[in-house]
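Student: could you work out the structure for the sequence below:
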Amino acid sequence: MTRALIMAAAVAVVFVGAAQGGARAITKIEARTLPPDVVLHRVLEQFADAVIPPEPVKPVVRPKHPLTDMYYVTRPRGTYVRDLCQADQVRFDFDPVGADDKGGDTAMKVSGISVRNTFRFLAPPSAATSSQSISSAERRELKARCAKLDPETGFFDADNDEVAEEGGLLLQAILKDAATSAMPSSYDCEGYTAKECAETVRQAAPDKLILVKRCHAFTTDQRGECTEIWSQFVGLTVLSEGSGDQLKIIRVKVSEIVTTADERED
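Tutor: Numbering: from 1, shown residues only. Just a heads-up that it's a prediction; the model follows:
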């Protein structure tokens, strides 16, 4: 069975799992010794429990086009980073079974899957404690706090929890630099006066993050790590080195983000 078909099967059991009120746990020994189909069924049951069942959509107007994709969001959970929650968006892509386009009645099958990792800080990250691991008791408490969140409100995209935390720490350091009207010389604020640059940067905030990702700017620099940060309409491309309380900003390029969205006909 292909991965796409496995995930399609997961969709089929989402509502079954919800109706049964909980999936059975599985051990490593069971995962390696039980028949593969039994293991698969057990894992798919757990996938069903991890996903928030979407509300049924009753279209006001009959769809004109075939089904192209569907999204499922997992319940928020705690990470191994203090005060950081995670939820994932699972996307299923569909291709037509035959050659005929019958609009909303076109028969479709899953052709691919992708997952977006999203994160949210319950409190701004602290450089002093970023290198400290959290205890089992702290993680259980974090899990309970994260479970109360709406996974589609206040979460931002990042590759993993480490990148998410570093983005939050970098943003706090940048906001500290922007607290005065004169930005350090390491900031590239092309097109802005020093005051305008500081005012633009101050529009960003850890609770307004949109995206944190690794990047490949500053290719002429032989040291440091490149991180791209989006918060509100502010874009920050940061070259830094070190981590935690040893995190040091080398260069920052400041820009404004312009986003456009086209409404897709159903």
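Student: from here on, contacts and neighbour counts on C-alpha atoms
Tutor: Fine.
Student: flag the shaky bits of the stretch 151-266 of the chain, pLDDT-wise.
Tutor: Across the stretch 151-266 of the chain, the ranges flagged by pLDDT under 70 are 181, 217-222, 259-262.
Student: which residues in it form strands?
Tutor: 156-158, 187-188, 209-214, 225-231, 234-241, 248-256 (DSSP state E, counting those that start in this stretch).
Student: would you map the helices across the chain?
Tutor: 3-20, 28-33, 36-50, 136-146, 161-177, 194-201 (DSSP state H).
Student: so which of those helices comes closest to Asp105?
Tutor: helix 3-20 (18.8 Å; CA to CA).
Student: thinking again about what came up before, turn the helices of the chain into CSV, columns for distance to Lys213.
Tutor: Putting the helices of the chain into CSV (distance: least, CA to CA, whole Å) gives the following:
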stretch, distance to Lys213
helix 3-20, 26
helix 28-33, 32
helix 36-50, 25
helix 136-146, 22
helix 161-177, 7
helix 194-201, 18
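Student: out of these, which is closest to Pro56?
Tutor: helix 3-20 (11.7 Å).
Student: can you tell me the average pLDDT over that closest one?
Tutor: What helix 3-20 shows for mean pLDDT is 46.
Student: how close does the residue nearest to Ser131 when sequence neighbours are not counted get to Ser130?
Tutor: Take Ser131 and drop its neighbours on the chain: the residue closest to it by CA to CA, 6 or more residues apart in numbering is Gly244, 6.1 Å away. Distance, Gly244 to Ser130, by CA to CA, to the nearest Å: 5 Å.
Student: number of nearby residues for the residue nearest to Ser131?
Tutor: Gly244 has 18 neighbouring residues, counting by other CA atoms under 10 Å.
Student: equivalent analysis for Arg223, please.
Tutor: 12.
Student: contacting residues around the residue lying farthest from the centre of the chain?
Tutor: In the chain, the residue that sits farthest from the middle, by CA atoms, centre = their mean, is Asp100; the gap is 36.2 Å. Asp100 sits next to Thr106 when contact means CA atoms under 8 Å, 6 or more residues apart in numbering.
Student: ok so, going back, nearest to Cys215, of the helices of the chain?
Tutor: Per CA to CA, nearest to Cys215 of the helices of the chain: helix 161-177, 11.4 Å.
Student: in the closest one, what counts as buried?
Tutor: Judged by neighbour count using 16 or more other CA atoms under 10 Å, the buried positions of helix 161-177 are 161, 163-172, 174-175, 177.
Student: tell me the pLDDT of the closest residue to Arg91 other than its chain neighbours.
Tutor: If the residues on either side of it in the chain are set aside, Arg91 comes closest to Tyr71, at 4.6 Å by CA to CA, 6+ apart. With respect to pLDDT, Tyr71 has a value of 90.
Student: could you verify my assumption that Tyr71 touches Gln89?
Tutor: Yes - here Tyr71 reaches Gln89: they are 6.6 Å apart, a contact under CA atoms under 8 Å.
Student: ok, the two, which is more surrounded?
Tutor: Neighbours of Tyr71 and Gln89, each counted by other CA under 10 Å, are more numerous for Gln89; the result is 18 against 13.
Student: can you tell me, leaving aside adjacent residues, what's nearest to that one?
Tutor: Val73 (4.5 Å).
Student: number of nearby residues for the one you found?
Tutor: 19.
Student: contacts only, for it.
Tutor: Val51, Ile52, Ala87, Asp88, Gln89, Val90, Pro151.
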